[in-house]
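Colleague: Give me a 3D structure for the following:
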Amino acid sequence: MYENNETIVVNGISSLGGDVSSATVTLADNETEPAVTLSVSPSSVAENGATTTVTVTVGLERAVTSPTRVQLEIADESTATLNDDYTATYEPVSRRLTIPAGDTTCPDNIEVIVTPVNDGL
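Modeller: Down below sits the predicted model:
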């Protein structure tokens with residue numbers, strides 16, 4: 001299971017009464033960070049269609065030892081333009097999800113309410 005690096009701190013006590021520096025050993029995790037996955041349903045909305053709720057689900061390829069927080073954003077690479085091609089609102093508005101430690105799926109989803117704008121093309 002992936003976990004962040006951990007440390008062992010070694011302290012000393014001197015019979016001289018002065019300060020003793022500490023030393024740190026890092027336990028480097030031997031696994032790579034798992035990929036975060038996103039999926040949407042439905043994956044297609046008609047340009048001249050009705051308002052549709054698109055559910056975004058977040059997951060991990062394998063469990064980790066600490067919570068994984070994900071912030072969702074509409075990507076700059078999108079070919080549809082907000083307010084020209086569609087409008088969108090989010091539930092919850094924060095667009096943040098957390099996958100609990102030890103899990104691979106988030107118990108919550110983000111809903112994007114998409115209203116297509118019919119551009120007549």
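Colleague: How about the contacts made by the nearest residue to residue 39 once chain neighbours are set aside?
Modeller: Distances taken as C-beta to C-beta, 6 or more residues apart in numbering place residue 57 nearest to residue 39, at 4.9 Å, with adjacent residues excluded. To be clear about C-beta, it is placed using only N, CA and C from the backbone, and glycine gets the same treatment. Residues in contact with residue 57 (C-beta atoms under 8 Å, 6 or more residues apart in numbering) are 38, 39, 40, 41, 105, 106, 109.
Colleague: Checking residue 57 next. Helix, strand or coil?
Modeller: strand (DSSP: H, G, I helix; E, B strand; the rest coil).
Colleague: State the distance from it to residue 10.
Modeller: 45 Å (C-beta to C-beta, to the nearest Å).
Colleague: can you pull the pLDDT of the closest residue to residue 48 other than its chain neighbours?
Modeller: Distances taken as C-beta to C-beta, 6+ apart place residue 118 nearest to residue 48, at 4.3 Å, with adjacent residues excluded. In this model, residue 118 is scored at 76, pLDDT.
Colleague: and residue 13, backbone torsions?
Modeller: The phi/psi pair for residue 13 (degrees, to the nearest 10) reads phi -120, psi 130.
Colleague: which non-adjacent residue is nearest it?
Modeller: Spatially, and ignoring its direct neighbours in sequence, residue 13 is nearest to residue 20 (6.5 Å; C-beta to C-beta, 6+ apart).
Colleague: Touching, that neighbour and residue 10? I think so.
Modeller: No. The pair residue 20 and residue 10 does not pass the contact test of C-beta atoms under 8 Å, sitting 9.9 Å apart.
Colleague: Thank you kindly, that will do.
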